[in-house]
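[1] Structural data only, the sequence is not supplied:
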Ligand code: PLP
C-alpha cells in the first residue's frame, strides 16, 4: 500500500514505533488513525465510523466523548494541575479516591496506593509482596504464582507474571521466582469426561503439588484475573475460585486479584471478586477506573499487609517506593467523576440487564463450522476459531485467520481484538441492546466474507 506523502499515515510510519505491533507489517499497511469518538463509536481521519467493540483496550467504560470527564479534568487542571504524594504530601482528590475505592472494594481491603498503569501497579505489587515477607522475617517466601494465558502487563516484573509466550520471547523474561499454572480454560484443557468441578479440583491439585514440591515457605502470592481477559477471555470454571482461595489461605499465600479489566462493572458486579466470592489481600484496578481518559491505576491492600509494611517503613525510615505521578490529582478527579457516572447511571445493573442479550447474540455464532467455543460473562466475550471443530485443532499458521477477520471487521465498521484465532468483544458499558445488535451484525457480515 502506498501512503500519501506527508499524510498522517506516512508520518506515523516514518516516526512512530508502535507498541504491540508487527513493526515490519506496519510499515507496509500503515496505521488506522482515530480522531474522535462519541458513545460506543470512534471516527477515523477519513471520517469513517466504527463501533469500538473492545472499548479501546477493554477500558472506556462510560464511552467516548463524555463531557463530564472532560470538565472534571479541566476543573482540576485549573485548580491544582499536579501534586505528588511523597513525604506525606497529599491532596483532596487522592484522599477522596482512596477512601472511595477502599469502601467500594470492602472485604479485606483497607488502604490504597496509586500508580499510572496496570503494569506499573503489578510491578509495585511484586515489590510489595517481597518487602512484606522481608518485613515479616520470611526472606525465602518470594515466589509469585501466576497462570498461563494470564495477562498482568509488560514491565520486567509484571511481564514475567503474564503467561503469554510472545511477551517473554527475546525479552529475557520471565524473571526468577515466578511460576505459571495451567490456565483454567475448561473447553480447551479438560480431560474427557471431566466436569467443570473436577477440572477445578485438578487445577487446585496442580497448585497444591507446586506448593508441596517447592515448600509453602517459598510461595508468597498467587496473582490472577478473576476472569482472564487479554489471554483470550476465559471465565473461571465452576468451583475454581473457592478452591484456589482456600488453598492460598491454608498456606499463608497472598491472594492478588488483578481486576484491571473486570473492575467497575464489566462482569455485572462492581468487582468480579464480589461475583466469585473472592476476598483478595491485594486488589488491582485501572482502565475503567477513569474509563482510560487519564492513565491511573490503584493497588488496594489489606490491613495485615499494610501493618507489616508500615512497621518496616518505620524501621528503615521510609517506604522507599512511589512515582512522580502517584495519585495524580487530575487522574483522581477524573476517576471520581467517572465513578459518579457509573453509580448515577447504575451501569453495573445495566450490564446485568444486557448480559443475557449480549451473551445470546455471541453464542448464536457457536454453530459456525470453524467456531470451537463462544464464551463470556457480563459484557465481555470471545469466539475461538479452530481449523477442525471435533479435534479443536488450531490453524497451521497461527494468527493469520484472526488478523484477517479483524481486518474485515474494520472494513465493516467494527473494531474488535484478535488474540490469535480468538476474537474478543468488550464494548463500552454504556452500550444499548440496539448497538449490541449492530455490533454483531457488522461482525456477521465480516465473518461471511472470510
Ligand atoms: N492487568 C490486566 C488484567 C490487564 O488486562 C492489563 C492490560 O490489558 C494489565 C494488567 C496491564 O495494564 P497496562 O496496559 O495499563 O500496563
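    Arrived safely, thanks for sending. Small disclaimer: the values here were computed from a predicted structure and weren't measured.

[2] how close does the residue most central in space within the chain sit to residue 158?
    With distances taken as C-alpha atoms, centre = their mean, the residue of the chain nearest its centroid is residue 261 (3.3 Å). Applying C-beta to C-beta, to the nearest Å, the value for residue 261 to residue 158 is 14 Å. Just so you know, the C-beta spots here come from the backbone N, C-alpha and C atoms, and that holds for glycine as well.

[3] and what of residue 66?
    When C-beta to C-beta is the yardstick, residue 66 and residue 158 sit 29 Å from each other.

[4] before we move on, what about residue 442?
    34 Å.

[5] Looking at these two, which is more packed in?
    residue 158 (27 against 22; other C-beta atoms under 10 Å).

[6] Could you check how far that one is from the ligand?
    From residue 158 across to the ligand, the span is 7 Å (C-beta to the nearest ligand atom, to the nearest Å).

[7] which residues of the stretch 101-250 of the chain fall in helices?
    Remark: helices assigned in the stretch 101-250 of the chain by DSSP state H, counting those that start in this stretch are 118-135, 156-161, 186-189, 196-214, 240-250.

[8] Skipping adjacent residues, who's closest to residue 398 in space?
    residue 420 (5.7 Å; C-beta to C-beta, 6 or more residues apart in numbering).

[9] got the contact list for that neighbour?
    232, 394, 398, 399, 402 (C-beta atoms under 8 Å, 6 or more residues apart in numbering).

[10] can you tell me how far it sits from residue 400?
    Taking C-beta to C-beta, one finds residue 420 at 10 Å from residue 400.

[11] check which helix or strand covers the residue of the stretch 201-350 of the chain found nearest the ligand.
    Nearest to the ligand in the stretch 201-350 of the chain, going by C-beta to the nearest ligand atom, is residue 260, at a distance of 3.4 Å. Using DSSP states H and E, residue 260 sits in no helix or strand.

[12] looking at it, it is touching residue 285, isn't it?
    Yes: judged on C-beta atoms under 8 Å, residue 260 makes contact with residue 285 at a distance of 6.5 Å.

[13] what is in contact with the two at once?
    121, 297.

[14] Over to residue 372. Which of the three states is it?
    strand (DSSP: H, G, I helix; E, B strand; the rest coil).

[15] Can you get me a residue count around the closest residue to it other than its chain neighbours?
    Computed as C-beta to C-beta, 6+ apart, the closest residue to residue 372 that is not its neighbour in sequence is residue 386, at 3.9 Å. Number of residues near residue 386 (other C-beta under 10 Å) recorded here: 20.

[16] One more: residue 25?
    Applying other C-beta under 10 Å, I find that residue 25 has 9 neighbouring residues.

[17] Can you name every helix or strand that the helix or strand hosting it contacts?
    Element membership for residue 25 (DSSP H and E) is helix 23-29. For helix 23-29, there is no helix or strand it packs on, judged by 3 or more C-beta pairs under 8 Å, 6 or more residues apart in numbering; DSSP states H and E.

[18] Mind listing what's buried along the next helix or strand after it?
    The first helix or strand that comes after helix 23-29 along the chain, using DSSP H and E, is strand 34-38. For strand 34-38, burial by neighbour count (16 or more other C-beta atoms under 10 Å) applies to 34, 37.

[19] and what of stretch 279-296?
    279-296.

[20] How about the residues of the stretch 251-400 of the chain by the ligand?
    258, 260, 261, 286 (C-beta under 6 Å from any ligand atom).

[21] The first one: neighbour count?
    So the one you mean is residue 258. There are 31 residues near residue 258, going by other C-beta under 10 Å.

[22] Isn't residue 52 up against residue 415?
    Yes: applying C-beta under 8 Å, one finds residue 52 in contact with residue 415, separated by 5.3 Å.

[23] Identify the contacts common to those two.
    residue 42.

[24] how close does the residue of the chain found nearest the ligand sit to residue 322?
    In the chain, no residue comes nearer to the ligand than residue 118, which is 2.2 Å away by C-beta to the nearest ligand atom. Residue 118 sits 17 Å away from residue 322, taking C-beta to C-beta as the criterion.

[25] Between those two, which has more neighbouring residues?
    Applying other C-beta under 10 Å to residue 118 and residue 322 shows that residue 118 carries more neighbours, namely 27 against 17.

[26] count of residues packed around residue 184?
    27.

[27] So it sits against residue 204, correct?
    No: with contact defined as C-beta under 8 Å, residue 184 does not count as touching residue 204 (10.0 Å).

[28] What backbone torsions are found at residue 342?
    phi -60, psi -40 (degrees, to the nearest 10).

[29] Could you find the closest non-adjacent residue to the residue of the chain closest to the ligand?
    residue 260 (4.0 Å).

[30] State the distance from that neighbour to residue 293.
    In this structure, residue 260 and residue 293 are 16 Å apart, going by C-beta to C-beta.

[31] mind checking how far stretch 299-307 is from the chain centre?
    Relative to its chain's centre, stretch 299-307 lies at 21 Å (C-alpha atoms, centre = their mean, to the nearest Å).

[32] got a list of contacts for it?
    Outside stretch 299-307, the residues touching it (C-beta under 8 Å, 6+ apart) are 101-102, 105, 108-115, 121, 124-125, 128, 132, 254, 281-285, 309.

[33] Quick one: the strands in the stretch 151-300 of the chain, in order.
    178-181, 219-224, 254-258, 282-285, 297-302 (DSSP state E, counting those that start in this stretch).

[34] Next, format these as TSV and append distance to residue 316.
    Shown next, in TSV, are these (distance: least, C-beta to C-beta, whole Å):
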stretch	distance to residue 316
strand 178-181	26
strand 219-224	19
strand 254-258	21
strand 282-285	21
strand 297-302	18
